[in-house]
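**Student:** Structure here, sequence nowhere to be found:
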């Protein structure tokens, strides 16, 4: 089952958001009216043994990742993470000490990002599975959606793009970068790269009704990361975003501040009829393929 | 691992709720400041194959249950359900048609209760697992907590208590009854019975710092339900609540309205030092045991 098609199907069946729900399916988080100036952004990401981690990765790191991927979703909306619920399906016979290691990993990263554990559930399941639901806040004027890309905007990414195969358990969610961008440069559209630059760029284009062209030579890779993995493996959790050219120029030429990842222009937003393209380093421009790698060698849908 | 002990452990490690979070772990839902008059209540309940359902139960009913248990949590707080996120771990090879049946069950019950699907996640997992996160609203003055029981209050339950073994997939969450109670009779403490009257009464007593005495002869059982199952099996999702005696008298003697479950006095709140007791039908008063049945014959922790 392809996730994009599947979600389209679910979305068609869902009512239009209303009654305090500003945005539902189709972005990193749902958006709920809080008060006059503020939205709540609300997301849920599940990680499952064998798909997103293995037990040998270590319980504390697994717990950390379950929260980090959710914090990353809040970053993609321009928000600040506030509260989480954590639901854990634990295999029969799992030791209490190991379960507490999961919560240790959760509480350490929660502490780092000022996130409070608000509740959740523990149940017995065949394999370890953790679903975290996160609520963040964002000023209404700062909300960034996937649907905000416009023809002529540039496409940027935080980087150098991390190696999802190596860093997927220990990555630092790009909250600082998101806060910096939202405050100073107002991105048009934004997403965090969970499934590879190609698939996540596809989501921005789909929601914005645009096309795109990416320039392979400009995509900044961290040491050891292949272009193939950057495009199709994902789990780098970089912020991929669009911005008017004038703002992007200012961003790139600014005096750099320490403690933030760097920002790189990697393409441009085009009209929808142009489709999604990539100019290879060889100079040849081809269609951007939408295939999605499984992180552990099987088909995956999330 | 005992859930109560485990939660105590997690709770000790968590910071005191603050920063817009009014209540965290320790109730059916967390409570978040929305605006001057309103709280959001926010819960998450996970159901896993083999623990809370079997595939042969039917995908649509499984989807329905995943939402119903969460609506029931909102009812327990005196709230109205509003939005859900749904995260599903699907086994490899699951058919799209079957996945859509799960969403059919979800959207039918969501429609019945005016709940909007706001987002979620689909991932691959070994066995089917569904985690729903729900947000409801409640007027600040109407919020009911587990911690509101007072010595001298009576203990009541909606009923006749449903048979959790038979009805756990198709039960009607007690939203109407909750709304009726909150509006007219203001319960002191409230919980929905997911793990049996004994365990859930234990949660009220723990949070309220009280004891209790239950009268076995007054517990209303639906046909075919054993007292043993009512006390220890759970999955009836009745509302168990406390109320001042004068209000309870009015509630019981009121002119009955159709369409609501009935309300029954089944005990009284005592001081903590009296412990938790049950007067058997034989007239003998004994300690209320806290054991928790597994719904499918194994130890379970949720």
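**Tutor:** Ah, there it is. Note that this is a predicted model, so its numbers are computed, not measured. Numbering: from 1, shown residues only, chains lettered A, B, ... in the order given.

**Student:** Following the chain onward from the helix or strand of chain A with the lowest mean pLDDT, which element is next?
**Tutor:** Least confident helix or strand, chain A: helix A:3-13 with a mean of 69, by mean pLDDT, DSSP states H and E. Toward the C-terminus, helix A:3-13 is succeeded by strand A:21-23 as the next helix or strand (DSSP states H and E).

**Student:** which secondary structure elements does that next one contact?
**Tutor:** With contacts taken as 3 or more Cβ pairs under 8 Å, 6 or more residues apart in numbering or on different chains; DSSP states H and E, strand A:21-23 sits against strand A:30-33. Where C-beta positions appear, they are placed from N, C-alpha and C, glycine not excepted.

**Student:** Contacts for the strand it packs on, please.
**Tutor:** The set of residues external to strand A:30-33 that reach it, using Cβ atoms under 8 Å, 6 or more residues apart in numbering or on different chains, is A:20-24, A:39-43, A:77, A:143, B:83, B:85, B:118-119, B:135.

**Student:** for chain A, which spans come out with low pLDDT?
**Tutor:** Within chain A, the stretches with pLDDT under 70 are A:1-5, A:7, A:13-15, A:291-302.

**Student:** tell me, what residue is most central in it?
**Tutor:** With distances taken as Cα atoms, centre = their mean, the residue of chain A nearest its centroid is residue A:192 (2.5 Å).

**Student:** OK, contacts around that residue?
**Tutor:** Residue A:192 sits next to A:28, A:72, A:73, A:75, A:76, A:173, A:174, A:200, A:237, A:238, A:239, A:240 when contact means Cβ under 8 Å, 6+ apart.

**Student:** can you name the two of those that are farthest apart?
**Tutor:** A:173 and A:200 (15.2 Å; Cβ to Cβ).

**Student:** re earlier: now, which of the contacts of strand A:30-33 lie within strands?
**Tutor:** Among the contacts of strand A:30-33, DSSP state E puts A:21-23, A:39-43, B:83, B:85, B:118-119, B:135 in strands.

**Student:** hmm, which two among those residues are most spread apart?
**Tutor:** Longest span within those, Cβ to Cβ: A:39 and B:85, 15.6 Å.

**Student:** For stretch A:210-218, list every residue counted as buried.
**Tutor:** By 16 or more other Cβ atoms under 10 Å in any protein chain shown, the buried positions in stretch A:210-218 come out as A:210, A:211, A:212, A:213, A:214, A:215, A:216.

**Student:** Please apply the same query to stretch A:44-60.
**Tutor:** For stretch A:44-60, using 16+ other Cβ under 10 Å, the buried residues are A:44-53, A:58-60.

**Student:** which ones among those residues come in contact with chain B?
**Tutor:** A:44, A:45, A:46, A:47, A:48, A:49, A:50, A:51, A:52 (Cβ under 8 Å from any Cβ of the partner chain).

**Student:** so the last one touches residue B:124, yeah?
**Tutor:** Spelled out, it's residue A:52. No. Between residue A:52 and residue B:124 there is no contact under Cβ atoms under 8 Å: 9.1 Å.

**Student:** can you tell me which of the ones next to chain B among the buried residues of stretch A:44-60 are in strands?
**Tutor:** Using DSSP E, these in strands are A:44, A:45, A:46, A:47, A:48.

**Student:** Kindly indicate which of the contacts of residue A:192 lies nearest chain B.
**Tutor:** Ranked by distance to chain B (Cβ to the nearest Cβ), those are led by residue A:28 at 8.6 Å.

**Student:** In this structure the closest one contacts residue A:193, no?
**Tutor:** No. Residue A:28 lies out of contact with residue A:193 (Cβ under 8 Å); the separation is 11.0 Å.

**Student:** for the buried residues of stretch A:44-60, which one is nearest residue A:256?
**Tutor:** Nearest to residue A:256 among the buried residues of stretch A:44-60, with distances taken as Cβ to Cβ, is residue A:45, at 31.0 Å.

**Student:** Give the bridge partners for that closest one, please.
**Tutor:** With DSSP bridges as the criterion, residue A:45 is bridged to residue A:132.

**Student:** can you tell me which residues contact it?
**Tutor:** A:66, A:69, A:70, A:73, A:131, A:132, B:87, B:121.

**Student:** May I see these organised as JSON lines, with distance to residue B:184 added?
**Tutor:** As requested, these are exported to JSON lines (distance: Cβ to Cβ, whole Å):
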{"residue": "A:66", "distance to residue B:184": "42"}
{"residue": "A:69", "distance to residue B:184": "44"}
{"residue": "A:70", "distance to residue B:184": "40"}
{"residue": "A:73", "distance to residue B:184": "41"}
{"residue": "A:131", "distance to residue B:184": "37"}
{"residue": "A:132", "distance to residue B:184": "38"}
{"residue": "B:87", "distance to residue B:184": "37"}
{"residue": "B:121", "distance to residue B:184": "40"}
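
**Student:** Turn those into JSON lines, columns for distance to residue B:100, secondary structure and neighbour count.
**Tutor:** Output for those, formatted as JSON lines (distance: Cβ to Cβ, whole Å; DSSP: H, G, I helix; E, B strand; the rest coil; neighbours: other Cβ atoms under 10 Å in any protein chain shown):
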{"residue": "A:66", "distance to residue B:100": "27", "secondary structure": "helix", "neighbour count": "26"}
{"residue": "A:69", "distance to residue B:100": "26", "secondary structure": "helix", "neighbour count": "25"}
{"residue": "A:70", "distance to residue B:100": "26", "secondary structure": "helix", "neighbour count": "30"}
{"residue": "A:73", "distance to residue B:100": "25", "secondary structure": "helix", "neighbour count": "28"}
{"residue": "A:131", "distance to residue B:100": "20", "secondary structure": "strand", "neighbour count": "33"}
{"residue": "A:132", "distance to residue B:100": "25", "secondary structure": "strand", "neighbour count": "33"}
{"residue": "B:87", "distance to residue B:100": "16", "secondary structure": "strand", "neighbour count": "30"}
{"residue": "B:121", "distance to residue B:100": "16", "secondary structure": "strand", "neighbour count": "24"}
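
**Student:** Tell me the residues on the stretch 101-250 of chain A that lie near chain B, please.
**Tutor:** Counting by Cβ under 8 Å from any Cβ, the residues of the stretch 101-250 of chain A that sit close to chain B are A:103, A:107, A:114, A:116-127, A:129, A:131, A:133, A:135.

**Student:** go again using 6 Å as the cut-off
**Tutor:** With Cβ under 6 Å from any Cβ of the partner chain as the criterion, the stretch 101-250 of chain A meets chain B at residues A:103, A:107, A:116-127, A:129, A:131, A:133.

**Student:** if we can go back for a sec, closest to residue A:286 among the ones in strands among the ones next to chain B among the buried residues of stretch A:44-60?
**Tutor:** residue A:45 (31.6 Å).

**Student:** and the gap between the residue lying farthest from the centre of chain A and chain B?
**Tutor:** Each residue of chain A has a distance to the centre, and by Cα atoms, centre = their mean the biggest one is for residue A:93: 33.3 Å. Distance, residue A:93 to chain B, by Cβ to the nearest Cβ, to the nearest Å: 9 Å.
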